[in-house]
Structure formats: C-alpha cells, structure tokens
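*Asks:* Structure, please.
(one chain, ligands or ions: 1)
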Amino acid sequence: MKKLDSEYEIHKLAAGLKVDWQQNAVQNIIALCHDKISKWTKGISKIRSIQELEVLVCEKVKLVFEEIYREDDLKAVIRKYVSLGEPIFSTLKTDLDEKTFATLIERRRIDGNSQDRYVAVIDCRGSKAPRRFFSRWHEIAHLLTLQGQLQLPLHRSTTDRSPTERLMDTIAGEIGFYDPLFRPILRDEIAKEGGFAFTTVERVRGRFCPEASFQATLNACVNRLDVPMLLVEIGLGYKKEEERQIFSSQTTLFSEAHPKPKLRVSTIIGNDRARGTSLKIHRNMQVPAASVLHRFFFKEDDLPAKELEGFENLNIWRHSDGGALANLSVRIRVRRFESSVIALISPARLT
Ligand SMILES: [Zn+2]
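*Replies:* Numbers count the residues shown, from 1 in each chain. I've put the predicted structure just below:
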C-alpha cells in the first residue's frame with residue numbers, strides 16, 4: 001500500500017487546510033488537529049477523560065452521534081430527522097451496508113447556531129460493535145479536517161481503505177488516544193510492569209477507556225512506545241506465486257495439486273522507533289519452524305497457553321531466496337486474540 005504522505009488525495013487535503021503538503025503532509029494535518037483541540041481546551045476547567053474531551057470537541061465541531069444497535073434504532077433515527085425536514089436521512093435504510101461503519105450527514109434545516117449541524121450515525125451492530133469508540137473519533141476527524149462544507153451532504157465511512165479514510169483512521173488513533181490523557185497512563189503501567197506486554201494494554205485500556213477496543217488500544221500503545229516494536233499477525237497463507245498458481249489452476253480444466261499453505265506473517269506494523277533499525281520482518285514471510293511463533297501457533301508445547309513469551313535470534317528467519325534477517329536477539333510475546341494470533345516483537349536487550 002502506498003504511503004499516505006505520497007498520496008495526491010492527501011496532498012490536496014493538506015494544501016486546502018493550508019499546511020505544508022510537500023513534506024510530512026500527514027504529520028502536518030495531525031498537528032493542525034492538535035492545535036485546534038489545545039485551543040479549545042485552554043481556559044476551561046481541566047479535561048479529565050477522553051469522554052469529556054469528546055463532548056467538548058463535538059460541541060466545537062457541532063456534531064451529534066446517533067448509534068444503531070438494532071433495526072428499530074435505525075427506523076427511529078430516520079423517522080426523527082425526516083420529520084425535522086431532512087429527507088436525506090431516509091437513505092440510511094440502504095447506506096449502512098456491510099462495508100459501511102458510519103455515515104456523516106450535514107443537516108440543511110438548521111440555523112448557524114445549531115449544535116447538531118452534523119449527525120454521525122454509527123453502526124454498532126454485529127461485528128462493527130467493537131469499532132464503536134474508534135468510529136466516533138473517525139467521524140470527528142472528518143470534521144476536524146473539513147474545509148467549508150462536506151463535499152456531498154452525506155459521507156459514508158467504509159472499509160475501502162481510500163487514502164482519506166486511512167488518514168481519518170490515523171487521526172482517530174492520535175486524537176482518540178489524546179496524548180496528554182493517554183501517555184501518563186501508559187508510562188505508569190509500563191513502570192509498574194517493568195516493561196510492555198499484552199497485559200499492559202489491558203490495564204491501560206481499563207484505566208483510559210474500556211469502551212475503546214483492545215485492538216485500537218494496542219495500536220495506540222505500540223505507536224507511543226519509546227522502544228522499537230513490531231506488532232505482527234500470523235496465519236496460514238501462500239506465497240504470491242502460489243496464490244497466482246492456485247488462481248490460474250481454478251480456471252483450467254486439469255488443475256494441478258494445490259500447494260499447502262504455510263505459516264506466514266499476514267500483517268505487520270512497526271512503530272516509529274523501529275524505523276531504520278535492524279528490527280525488521282517482512283509481510284508474508286514464512287515463520288521458521290524453530291520460532292516461538294511456530295511453536296505457539298501449532299500448539300507444540302504441552303501446555304495449551306493463551307500467551308507465550310520467548311527469545312530468539314531474527315537470523316533464523318529466511319527469505320525465500322535463502323537470505324537471513326538481521327543478527328538480532330528479540331523478545332517475542334505471542335497470544336491468541338479472537339480468531340487470530342498476534343505477537344509483539346522487540347530487541348531483547350531493551351525490554
Ligand atoms: Zn470516513
């Protein structure tokens with residue numbers, strides 16, 4: 001996936017917001033959001049929680065939320081706004097499809113002082129429920145970066161991963177875990193535990209905001225650590241060539257025997273501190289049989305653990321051309337999370 005900083009859509013947005021778009025456009029847009037918020041928080045009594053900050057920011061951007069938990073909630077929201085003279089809300093009937101987690105609507109029948117100029121309808125049904133907290137901040141991000149009016153009176157936030165949608169997620173990950181509130185808790189919990197582990201995330205989440213999902217809190221923690229850290233997800237998968245082979249054999253009459261999937265790195269996120277260091281694993285790399293991750297995934301240990309911790313040298317990992325990763329001793333913490341297996345990997349001497 002192309003880096004957000006080099007996307008035309010993001011350059012256009014940065015230029016429209018009058019921040020430098022040529023260098024670090026994403027950071028400049030985030031800094032602008034931070035500036036707005038710190039101006040708003042100045043001079044008022046201390047903000048003590050992310051919920052209090054959300055109330056303040058929504059007031060400033062004139063946003064209200066409507067949350068959908070059941071079909072009846074959706075009908076009620078449509079009825080409410082249509083009766084207020086906003087027929088556009090009736091499109092919600094079909095808007096909130098599988099890929100859409102929220103819809104932002106700009107109301108027309110209001111005056112300049114109305115506090116509900118924007119309505120974000122958050123879909124909290126089924127698998128979208130854990131995203132609720134993050135979705136609210138994603139919608140706030142749209143309004144923090146708005147120039148004038150919404151391009152259309154209605155914006156659907158989807159899983160399509162367009163540059164703008166990815167940027168809004170990045171902003172939500174920053175502002176929704178507002179540093180002045182989040183960092184002291186993270187620092188405190190790391191000090192208590194003498195390091196960073198999955199249990200740290202659970203405790204940070206409990207103190208900062210239990211409504212935020214574990215996954216979103218985990219990402220927020222990893223991004224703010226003072227040490228290099230990789231967050232990886234592993235699963236059974238194929239090499240690119242194998243995928244192509246499988247796909248093409250499905251279209252031929254005499255299909256060859258399919259290759260067997262192997263344990264691979266399916267997603268990987270490195271924090272800023274990991275950039276430019278030798279702590280590097282590549283997406284889709286095969287997990288070596290000698291790795292802690294392999295042992296855990298295939299339950300090779302006698303104890304069926306929910307979590308496992310171990311050390312290994314990254315040089316046991318091989319590219320398909322035989323080349324090894326860096327000679328670096330790492331600490332690995334791996335656990336099952338819902339239907340996936342995730343791991344934290346950091347240089348051993350630092351953690
Ligand atoms: Zn969106």
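*Asks:* Would you mind listing where the stretch 201-350 of the chain has pLDDT under the threshold?
*Replies:* For the stretch 201-350 of the chain, residues meeting the criterion pLDDT under 70 lie at 247-257, 303-304, 350.
*Asks:* Which residue does it have closest to the ion?
*Replies:* A216 (15.4 Å; C-beta to the ion). For every residue, glycine as well, the C-beta is placed using N, CA and C.
*Asks:* Could you verify my assumption that that residue touches R136?
*Replies:* No. The criterion here is C-beta atoms under 8 Å, and A216 misses it with R136 at 11.3 Å.
*Asks:* quick one: common contacting residues for those two?
*Replies:* G176 (C-beta atoms under 8 Å, 6 or more residues apart in numbering).
*Asks:* re the thing from before, please, which helix or strand holds the residue of the stretch 201-350 of the chain closest to the ion?
*Replies:* helix 214-224 (DSSP states H and E).
*Asks:* what's that helix packed up against?
*Replies:* If contacts are counted by 3 or more C-beta pairs under 8 Å, 6 or more residues apart in numbering; DSSP states H and E, helix 214-224 sits against helix 163-175, helix 179-193, helix 198-208, strand 230-237.
*Asks:* before we move on, back to that, tell me the contacts of the residue of the stretch 201-350 of the chain closest to the ion?
*Replies:* A216 neighbours (C-beta under 8 Å, 6+ apart): R131, F133, F134, G173, G176, F177.
*Asks:* can you give me the offset of stretch 315-329 from its chain's centre?
*Replies:* Centroid separation for stretch 315-329 versus its chain: 29 Å, with C-alpha atoms, centre = their mean, to the nearest Å.
*Asks:* ah, wrong one, I meant stretch 6-19
*Replies:* That offset, for stretch 6-19, works out to 21 Å (C-alpha atoms, centre = their mean).
*Asks:* quick one: that stretch near the ion?
*Replies:* No. Judged by C-beta under 5 Å from the ion, stretch 6-19 stays clear of the ion, getting no closer than 12.5 Å.
*Asks:* Can you give me the buried ones in that stretch?
*Replies:* Within stretch 6-19, the residues that count as buried by 16 or more other C-beta atoms under 10 Å are E7, I10, L13, A14, L17, V19.
*Asks:* Take the residues you listed and write them to JSON lines, including pLDDT, secondary structure and distance to L181.
*Replies:* Shown next, in JSON lines, are these (pLDDT from 0 to 100; DSSP: H, G, I helix; E, B strand; the rest coil; distance: C-beta to C-beta, whole Å):
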{"residue": "E7", "pLDDT": "92", "secondary structure": "coil", "distance to L181": "30"}
{"residue": "I10", "pLDDT": "93", "secondary structure": "helix", "distance to L181": "27"}
{"residue": "L13", "pLDDT": "92", "secondary structure": "helix", "distance to L181": "26"}
{"residue": "A14", "pLDDT": "93", "secondary structure": "helix", "distance to L181": "26"}
{"residue": "L17", "pLDDT": "92", "secondary structure": "coil", "distance to L181": "25"}
{"residue": "V19", "pLDDT": "92", "secondary structure": "coil", "distance to L181": "24"}
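*Asks:* just to revisit the earlier point, and the helices and strands packed on helix 214-224 as CSV, adding mean neighbour count?
*Replies:* What follows is those, written out as CSV (neighbours: other C-beta atoms under 10 Å):
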stretch, mean neighbour count
helix 163-175, 21
helix 179-193, 15
helix 198-208, 18
strand 230-237, 18
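*Asks:* I'd like these laid out as CSV, including distance to V330.
*Replies:* Compiled in CSV, the helices and strands packed on helix 214-224 are given as follows (distance: least, C-beta to C-beta, whole Å):
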stretch, distance to V330
helix 163-175, 25
helix 179-193, 18
helix 198-208, 16
strand 230-237, 9
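*Asks:* Let me have those in a markdown table, extended by distance to the ion.
*Replies:* Shown next, in a markdown table, are the helices and strands packed on helix 214-224 (distance: least, C-beta to the ion, whole Å):
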| stretch | distance to the ion |
| --- | --- |
| helix 163-175 | 5 |
| helix 179-193 | 22 |
| helix 198-208 | 23 |
| strand 230-237 | 23 |
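*Asks:* one step back: between the contacts of A216, which sits nearest D272?
*Replies:* Taking C-beta to C-beta as the measure, D272 lies nearest G173 of the contacts of A216, at 12.8 Å.
*Asks:* Hmm, the closest one is touching N223, no?
*Replies:* Yes. G173 is within contact range of N223, at 6.8 Å (criterion: C-beta under 8 Å).
*Asks:* and the protein, which of its residues are near the ion?
*Replies:* S157, E165, M168.
*Asks:* residues touching N24, list them.
*Replies:* D5.
*Asks:* What's the separation between it and P184?
*Replies:* From N24 across to P184, the span is 26 Å (C-beta to C-beta, to the nearest Å).
*Asks:* Also E52?
*Replies:* Taken as C-beta to C-beta, the span from E52 to P184 is 15 Å.
*Asks:* Look up phi and psi at F337.
*Replies:* phi -140, psi 110 (degrees, to the nearest 10).
*Asks:* For K60, see how far away the residue lying closest to it once chain neighbours are set aside is.
*Replies:* Of all residues not flanking F337 in the chain, F214 sits nearest, at 7.1 Å (C-beta to C-beta, 6 or more residues apart in numbering). The gap separating F214 from K60 is 29 Å, by C-beta to C-beta.
*Asks:* Give me the distance between stretch 291-311 and the centre of its chain.
*Replies:* On C-alpha atoms, centre = their mean, the centre of stretch 291-311 falls 26 Å from that of its chain.
*Asks:* Many thanks, I have nothing further to ask.
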